[in-house]
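A.B. asks: no sequence for this one, just the structure:
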Ligand SMILES: *[C@@H]1O[C@H](CO)[C@@H](O)[C@H](O)[C@H]1NC(C)=O
Ligand SMILES: *[C@@H]1O[C@H](CO)[C@@H](O)[C@H](O)[C@H]1NC(C)=O
Ligand SMILES: *[C@@H]1O[C@H](CO)[C@@H](O)[C@H](O)[C@H]1NC(C)=O
Ligand SMILES: *[C@@H]1O[C@H](CO)[C@@H](O)[C@H](O)[C@H]1NC(C)=O
Ligand SMILES: *[C@@H]1O[C@H](CO)[C@@H](O)[C@H](O)[C@H]1NC(C)=O
């Protein structure tokens, strides 16, 4: 029996890729390829402990996907000088503590989507000065802490979709200094309120998406000062926007207002206004 398993695993490695090798550190085994991509191949770990992933010079991307982790302890990741991308999706992590990611000052992408996160410490992402892309979608937090993104100046892509947010507070991105247009995704929450200073500090936004939320009306106050390419407001419960706010609400090159509760007269007024002002406003139903 053991011989058969041994034989199968050897053929598996030969069959997968000639350039893929295994790597072991602290009793944890990874598959690694020539590009510095590491994939965990020890599967019985539930808690990532201090130092459990440490001192790997050539690790550039680490995939920790679908492992059933229930906790990541502060200090788990140490001395990984070339780590740029860390993907910890489809696990069962309920809480993100300070001290897990702060030392990863070269990391550009952090994906914590599809976990069970209901709490993130205020300082959890402090000092991640290279972080451009953070994906927190498909978790369970009910509010955004205004401190989360105050010491992550390079962010350009922020996905907070499919959580249980009811509002977007003010000044959450006020220290973001990136000159690349931002992508901000808030889809699939229960957002009924967006603070007038929610996006203060940002200038150019390529996509702001608020689809599948509970917005009832808009006056454009939170869009002030933004240059937006695509604004998406699909599947909210907006019945109308007061005509005096049209210029403030339809600021984007293209705005998708499909699947709301528009009244016929309001929709006609918006269409007329959009034509006159050379704006694209899409409404499929
Ligand atoms: C970041 O990268 C630089 C150069 O690639 C390296 O010298 C430095 O140790 C890295 N920093 C961390 C905290 O890993
Ligand atoms: C973020 O996570 C979701 C859910 O896992 C995924 O569908 C999406 O592609 C991810 N990436 C970005 C850039 O948002
Ligand atoms: C961030 O950096 C500052 C200055 O080096 C340091 O005092 C602080 O403890 C760091 N924060 C975290 C959460 O590691
Ligand atoms: C809006 O469209 C114009 C014309 O195509 C383009 O130059 C501009 O960059 C777009 N705005 C944004 C924020 O992408
Ligand atoms: C989106 O809105 C349309 C029209 O109001 C509705 O029929 C549909 O069920 C909504 N979709 C979801 C996923 O809520």
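C.D. replies: Nice, thanks for sending it over. A quick note: this is a predicted structure, and the numbers were derived from the prediction, not measured. Ligands and ions are numbered 1, 2, ... in the order given.
A.B. asks: And stretch 80-100, what's buried?
C.D. replies: 80, 83-89, 91, 93, 95-96, 100 (16 or more other CB atoms under 10 Å). (Each C-beta comes from the backbone N, C-alpha and C, glycine too.)
A.B. asks: Could you identify the most distant pair in those residues?
C.D. replies: Using CB to CB, the buried residues of stretch 80-100 reach their maximum pairwise distance at 84 and 95, which is 24.9 Å.
A.B. asks: Is residue 255 located within a strand, as I assumed?
C.D. replies: Yes - counting by DSSP: H, G, I helix; E, B strand; the rest coil, residue 255 is found in a strand.
A.B. asks: burial measure for it, as a count.
C.D. replies: Per other CB atoms under 10 Å, the neighbour tally for residue 255 reads 21.
A.B. asks: Thought residue 283 was touching it, still the case?
C.D. replies: No - Residue 255 sits out of contact with residue 283 when judged by CB atoms under 8 Å, with a separation of 9.2 Å.
A.B. asks: buried ones in the host helix or strand of residue 39?
C.D. replies: Using DSSP states H and E, residue 39 sits within strand 37-40. By 16+ other CB under 10 Å, the buried positions in strand 37-40 come out as 37-38, 40.
A.B. asks: what about stretch 251-270, average pLDDT?
C.D. replies: For stretch 251-270, mean pLDDT rounds to 97.
A.B. asks: end-to-end on that stretch?
C.D. replies: Terminal residues of stretch 251-270 lie 13 Å apart, using CA to CA, to the nearest Å.
A.B. asks: neighbouring contacts of it?
C.D. replies: Outside stretch 251-270, the residues that touch it by CB atoms under 8 Å, 6 or more residues apart in numbering are 208, 220, 223, 226-241, 243, 246, 249-250, 279-285.
A.B. asks: Residue of the stretch 51-200 of the chain nearest ligand 2, please.
C.D. replies: In the stretch 51-200 of the chain, the residue that lies nearest ligand 2 is residue 113 (3.3 Å; CB to the nearest ligand atom).
A.B. asks: and that residue, helix, strand or coil?
C.D. replies: coil.
A.B. asks: I'd guessed it sits against residue 133; true?
C.D. replies: No - under the criterion of CB under 8 Å, residue 113 is not in contact with residue 133, lying 11.3 Å apart.
A.B. asks: hang on, residue 110 in a strand?
C.D. replies: Yes - counting by three-state DSSP, residue 110 falls inside a strand.
A.B. asks: Adjust the sequence numbering to begin at 46 for everything that follows.
C.D. replies: Yes, from this point I'll number from 46; that puts the last item at residue 155.
A.B. asks: okay, now it: neighbour count?
C.D. replies: Neighbourhood size, residue 155 [other CB under 10 Å]: 21.
A.B. asks: and what of residue 151?
C.D. replies: Counted with other CB under 10 Å, the neighbours of residue 151 add up to 15.
A.B. asks: Roughly how far does it sit from ligand 3?
C.D. replies: Distance of residue 151 to ligand 3, given as CB to the nearest ligand atom, to the nearest Å: 15 Å.
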